[in-house]
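J.: Fold the following, please.
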Amino acid sequence: MHQPFYKDLVSGEYRLPWVRLHALKDYYGMVKLLEEFPGVHQNFNLVPSLVAQIADYNSGAFRDPFWDVAFRPAAELSADDRSFALTYFFQAHAERMIGRYPRYRQLWEQVRAAGPDPSNAAITFAERDYRDLQVLSQIAWFDEYFLADPAIAALIAKGSGYSEDDKRLVMAKQREILKAVLPAYRAAAGSGSAELSVTPYYHPILPLLCDTNAGRDSVPGLPLPNERFSHPEDAEEQIRRALDAHEHTFSSRPIGMWPSEGSVSDEVLAIAAQLGIRWMATDEGVLGRSLPHSMTRDGDGFLDLPGAEKLYRLYRWESNGLSMNMVFRDHRISDLLGFVYSGMPAADAASHLLRTIKQAAQPITSQGRDVVLPIILDGENAWEGYEANGREFLRRLYDGLQKDSQIEPITIAEAIERQKPETFGKLRGLVPGSWINANFNVWIGAPEDNRSWDYLGQARDFYDENASRVAASQRQLAYEELLIAEGSDWNWWYGPEHHSANDSDFDELYRKHLSNVYTLLGGVPPDHLARPISGAIVSARISPQTAYVHPVIDGLVSSYFDWMGAAQYSSDRRGGSMHGKSFLLDGLYAGIDAENLFARLDFASRLPEGPCLAQLHLALRGGGKEERFQLEIDLAQDELRGWQLLNGEGCVLASAYTPSGVEIAFVRILELKLPMALVNARQGQAFNLRFVLYRDRIPVDALPLEGSLEIQIGPEDVLVERAYTAK
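T.: So this is what the prediction gives:
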């Protein structure tokens, strides 16, 4: 469970609201759910800077502009407040969170219709619209337990037309949820259903904090910052503070640690061992490089016997009289929970996971031996993509785990206690790396990353040279700002790997933390801290249809002019706070002529071996009604195997055997033509398209990732006028 430190210590203001919002939706419910399943034991890793921010919210003394705008009387919202609300209050999962509440979705579509700048919608929003947005943008983040509260359930049933009294109720319930979070973890730890482990205080990449040259140890030749950063004393301080803070909050000192992003090195393990940490966890990629052994998997994603024997066990690292117990996550199974199961029915996903665990362990269990299979994933972000925040999936999974005599869900400490010492694997050294590709390339090596390290190093040097000249209180605050700036999250958004709608916020907040170091020590921040570190932000692009299209349906990129004028969705597939998802789809085109709907799907790479299913989810909206259709297309790597078009009741309207005017081709791209008469589409309505690609009945990619691509049905001159007016 992790969020960056969003608070500016000098101004006392929170720059982003994600601690509070995830506390409403994830942190409480995830641990509370274990009360229903006493046979399921689980680790929760809590980053201390997250815990500190939750406690700060509970103090009531916080300053959060997102809270202020959400609960200010709608009649008193300034022009800046209204722009702020339109910009930030729709930053939620489009289908699972916004789409769950019809009025919230209506307001979202109202903003989308105004163009790329959300503040353009202000002219269409009345006071009642802002009040509804204030209420629903908060309720959308409420945990399922609190959505069942009669007072909140009544608000949801009301649907719209909210009052200021309704807002005050939502505010009071938020305070109630926030105050319930930390006691729920104390209770779970006390009952034995959860082990609470810890991460260095402000979530730094410890090996790089000790020495940025560790980046080149993982990837020889990697470009490094101009100045070497080497402060192992800060790494030690980050761990020590984490242990002390955890003990203060939960009344027990943790023995386990998930180092930030699973980042480890021999130097880091030695520091942690000296501070009393007994176990650490990271990824199978680090283990594979350290043994060395290639963790190769078959076409279904399973390890062979040698690989399973190496991964599914505990290890003991020993060096210079120090030791550390180690566990290494199964990367594939962990990613199924993080990225795949959200696209499946809950019962199917839970059953698939239980089967997968057994099949992964089978090479060893078939010989009568036990396995330790670690599943480790992001504790909060994954659930936004699940229906009802993943609650049904988790209940079915935990119930299945409790009832299965072959599987026992236990904590890492329990696993260490139960395993005989002679069964532990031996490690004399680790290749430095993280859970992402067993290196540190996300945080160092790119020009933006290296520039941020240089700026951090300069601020650290300024501190060393000037700290003694100011009062102790100023010195301590300046050092705190340095420790915050050492966190990993700033560089997560620098470089080419990840982007989000909040890139500029993260960039500005990072530079503010560094600037505060100079200010607190009586200096003047250097000019470069006034300029953004990050370059141009690449994000998803949606281009509207500007003319009728008449493509040849042959599955080939025959002519550029085939799809000229079509609506287009192309995404920066690197974006988001989650890392690890593989992408197979690259772009989506769609458009109409007077009689047909056309669609084209481009692939980022060749399809994986074995059959795949491309599903076009098609909604026809207009006149207050919505009809749904589903086009199922069976594909192999190089061939179209068949297809069928179904209506909302599951009746077949057309197929490869009775095409009824539908044309589909697949060679390099997937192209299709669908007569609008076949689905009774009329002018004034709109198609909403979304493609999902499945393999072995598991969704592996989708375009758009959220929402859909809309195609208005109308005469060509009207489409052209509407498209260019929207721009």
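J.: show me what contacts the most far-flung residue of the chain relative to its centre?
T.: Largest separation from the mean C-alpha position in the chain: R469, at 43.2 Å (CA atoms, centre = their mean). Applying CB atoms under 8 Å, 6 or more residues apart in numbering, we find R469 in contact with 521-522. No exception for glycine: its C-beta is placed from N, CA and C like everyone else's.
J.: how about a cut-off of 10 Å?
T.: Counting by CB atoms under 10 Å, 6 or more residues apart in numbering, R469 makes contact with 475, 521-523.
J.: any idea how far Y315 is from it?
T.: 48 Å (CB to CB, to the nearest Å).
J.: again with M280
T.: Taking CB to CB, one finds M280 at 10 Å from Y315.
J.: The two: which has the busier surroundings?
T.: Taking other CB atoms under 10 Å, M280 and Y315 do not tie; M280 has more neighbours (23 against 20).
J.: Produce a PyMOL select command limited to the buried residues of the contacts of R469.
T.: Here is the PyMOL selection string for the buried members of the contacts of R469, based on 16 or more other CB atoms under 10 Å:
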select buried, resi 475+521+523
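J.: Which of the contacts of R469 fall in strands?
T.: Residues of these located in strands (DSSP state E): none.
J.: Which other helices and strands does the helix or strand containing Q359 contact?
T.: Taking DSSP states H and E as the criterion, Q359 maps to helix 346-365. If you count contacts as 3 or more CB pairs under 10 Å, 6 or more residues apart in numbering; DSSP states H and E, helix 346-365 packs onto helix 305-311, helix 331-335, helix 391-403, strand 698-703.
J.: I'd like to know the average pLDDT value across the second one.
T.: When pLDDT is averaged over helix 331-335, the result is 94.
J.: quick one, strands of the stretch 1-150 of the chain?
T.: For the stretch 1-150 of the chain, the strands defined by DSSP state E, counting those that start in this stretch cover 42-46.
J.: Low-confidence ranges, it, go.
T.: For the stretch 1-150 of the chain, no stretch is flagged by pLDDT under 70.
J.: now do 90
T.: Counting by pLDDT under 90, the stretch 1-150 of the chain contains low-confidence ranges at 8-12, 15, 61, 94-95, 112-117.
J.: tell me the helices in it, going along the chain?
T.: With DSSP state H, counting those that start in this stretch, the ranges of helices along the stretch 1-150 of the chain come out as 18-22, 28-32, 48-59, 65-71, 79-88, 102-112, 127-139, 144-147, 150-158.
J.: neighbouring contacts of the shortest one?
T.: Counting by CB under 10 Å, 6+ apart, the neighbours of helix 144-147 from elsewhere in the structure are 24-25, 28-29, 32-33, 100, 139-140, 152-153, 155-156, 173-174, 176-177, 180, 388-392.
J.: and what of the fifth one?
T.: The set of residues external to helix 79-88 that reach it, using CB under 10 Å, 6+ apart, is 16-17, 65-66, 68-70, 72, 74, 77-78, 107, 110-111, 114, 117-122, 125, 127, 129-130, 133-134, 137, 501-502, 505.
J.: Which of those residues are buried? Put it as a ChimeraX command.
T.: Only the buried entries of the contacts of helix 79-88 go into this ChimeraX selection, using 16+ other CB under 10 Å:
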select :16,17,66,69,70,72,74,77,107,111,114,118,119,121,122,125,129,130,133,134,137,502
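J.: Report the contact partners of R395.
T.: Residues near R395 by CB under 10 Å, 6+ apart: 33, 36-37, 346, 350.
J.: Pipe those residues into TSV and attach neighbour count and distance to I410 per row.
T.: Shown next, in TSV, are the contacts of R395 (neighbours: other CB atoms under 10 Å; distance: CB to CB, whole Å):
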residue	neighbour count	distance to I410
L33	21	17
E36	12	18
F37	18	13
A346	20	24
A350	22	19
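J.: Name the nearest of those residues relative to E716.
T.: Closest approach between the contacts of R395 and E716, by CB to CB: A346, at 44.2 Å.
J.: Please give me every residue in contact with the closest one.
T.: Contacts of A346 (CB under 10 Å, 6+ apart): 386-388, 390-397.
J.: Try it again at 6 Å.
T.: A346 sits next to 392-393, 396 when contact means CB atoms under 6 Å, 6 or more residues apart in numbering.
J.: the inter-axis angle of the longest helix along the chain versus helix 127-139?
T.: The longest helix of the chain (DSSP state H) is helix 164-191. Using axes from the mean of the first three to the mean of the last three CA atoms, to 10 degrees, the direction of helix 164-191 lies 0 degrees away from that of helix 127-139.
J.: that older thread, need the residues touching each of M280 and Y315.
T.: M326.
J.: what's the burial count for the spatially closest residue to W258 that is not a sequence neighbour?
T.: Closest residue to W258 apart from its sequence neighbours, by CB to CB, 6 or more residues apart in numbering: N45 at 4.3 Å. N45 is flanked by 20 other residues according to other CB under 10 Å.
J.: For N45, which residues count as its bridge partners?
T.: S197 (DSSP bridges).
J.: pretty sure it contacts S260?
T.: No: applying CB atoms under 6 Å as the test, N45 and S260 come out as separate, 10.3 Å apart.
J.: May I ask which helix or strand encompasses L269?
T.: Here L269 is assigned to helix 266-274, by DSSP H and E.
J.: For the next helix or strand after that helix, name the packing helices and strands.
T.: Using DSSP H and E, the helix or strand that follows helix 266-274 in sequence is strand 279-283. The contact analysis (3 or more CB pairs under 6 Å, 6 or more residues apart in numbering; DSSP states H and E) places strand 279-283 against strand 322-329.
J.: What are the contacting residues of stretch 416-435?
T.: For stretch 416-435, the external contacting residues (CB under 6 Å, 6+ apart) are 207, 214, 217-218, 261-266, 283, 286, 289-290, 313-317, 325, 439-440.
J.: switch to 8 Å and redo it
T.: Here stretch 416-435 makes contact (CB under 8 Å, 6+ apart) with 205, 207, 214, 217-218, 261-266, 269, 278-279, 282-283, 285-286, 289-290, 292, 310, 313-319, 325-326, 329, 331, 372, 410, 438-440, 442.
J.: before we move on, what about stretch 158-172?
T.: The contact list for stretch 158-172 (CB under 8 Å, 6+ apart) reads 70-71, 73-74, 101-103, 128, 131-132, 134-136, 138-139, 151-152, 155.
J.: Can you give me the first-to-last residue distance of that stretch?
T.: By CA to CA, to the nearest Å, the extent of stretch 158-172 from end to end equals 18 Å.
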